[in-house]
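In: sequence unavailable; structure follows:
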């Protein structure tokens, strides 16, 4: 009998990935998560020789696929980050916050320093699998 064993992905140390929760969001963080997993991703598109994009964050019931790395829980909430973003969060601090008008609040990410995001968008393979028509 042959048994296949899958190695679990290694989890980067909390200190190597700089993700925080906005102070205004902290009191409602676990209630907002409601047992779901935080998934941090991005979208990017190239138009007229310029690449544009944004970071995204959302709660999902099921963990995402292999393109995402499992990280240490954020205030008790399981978290996954698109693997290509790991160097960005190692070099900058991302803060999860609420954004949008009162009738359409959603999770958003702020990055400090913001120019780290521009550097990422100029990198190789940033558009692979991320373009929306």
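Out: Received it, and whenever you're ready, just let me know what you need. Since the structure is predicted, the reported quantities are computational estimates derived from the model, not experimental observations. Residues are numbered from 1 along each chain as shown.
In: all strands of the chain, in order?
Out: Secondary structure of the chain (DSSP state E): strands at 19-21, 37-47, 50-60, 68-74, 77-82, 93-99, 106-112.
In: export the ones you listed to a markdown table and tack on mean pLDDT, mean neighbour count and distance to residue 124?
Out: From N, CA and C alone the C-beta is placed, and that goes for glycine too. Below are these laid out as a markdown table (pLDDT from 0 to 100; neighbours: other CB atoms under 10 Å; distance: least, CB to CB, whole Å):
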| stretch | mean pLDDT | mean neighbour count | distance to residue 124 |
| --- | --- | --- | --- |
| strand 19-21 | 88 | 17 | 24 |
| strand 37-47 | 88 | 18 | 12 |
| strand 50-60 | 88 | 15 | 11 |
| strand 68-74 | 91 | 18 | 19 |
| strand 77-82 | 93 | 20 | 15 |
| strand 93-99 | 91 | 17 | 22 |
| strand 106-112 | 91 | 16 | 20 |
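In: which one of those strands lies closest to residue 30?
Out: Distance to residue 30, taken as CB to CB, is lowest for strand 77-82 among the strands of the chain, at 6.6 Å.
In: relative to strand 93-99, how tilted is that closest one?
Out: 110 degrees (axes from the mean of the first three to the mean of the last three CA atoms, to 10 degrees).
In: now the strands of the chain as JSON lines including distance to residue 121?
Out: Shown next, in JSON lines, are the strands of the chain (distance: least, CB to CB, whole Å):
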{"stretch": "strand 19-21", "distance to residue 121": "19"}
{"stretch": "strand 37-47", "distance to residue 121": "6"}
{"stretch": "strand 50-60", "distance to residue 121": "5"}
{"stretch": "strand 68-74", "distance to residue 121": "19"}
{"stretch": "strand 77-82", "distance to residue 121": "14"}
{"stretch": "strand 93-99", "distance to residue 121": "15"}
{"stretch": "strand 106-112", "distance to residue 121": "12"}
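In: of these, which approaches residue 126 most closely?
Out: strand 37-47 (5.4 Å).
In: now the residue most central in space within the chain, nearest residue through space, not along the chain?
Out: Nearest to the mean C-alpha position of the chain, by CA atoms, centre = their mean, lies residue 40 at 1.9 Å. Leaving aside its chain neighbours, residue 40 sits nearest to residue 81 (4.5 Å; criterion: CB to CB, 6 or more residues apart in numbering).
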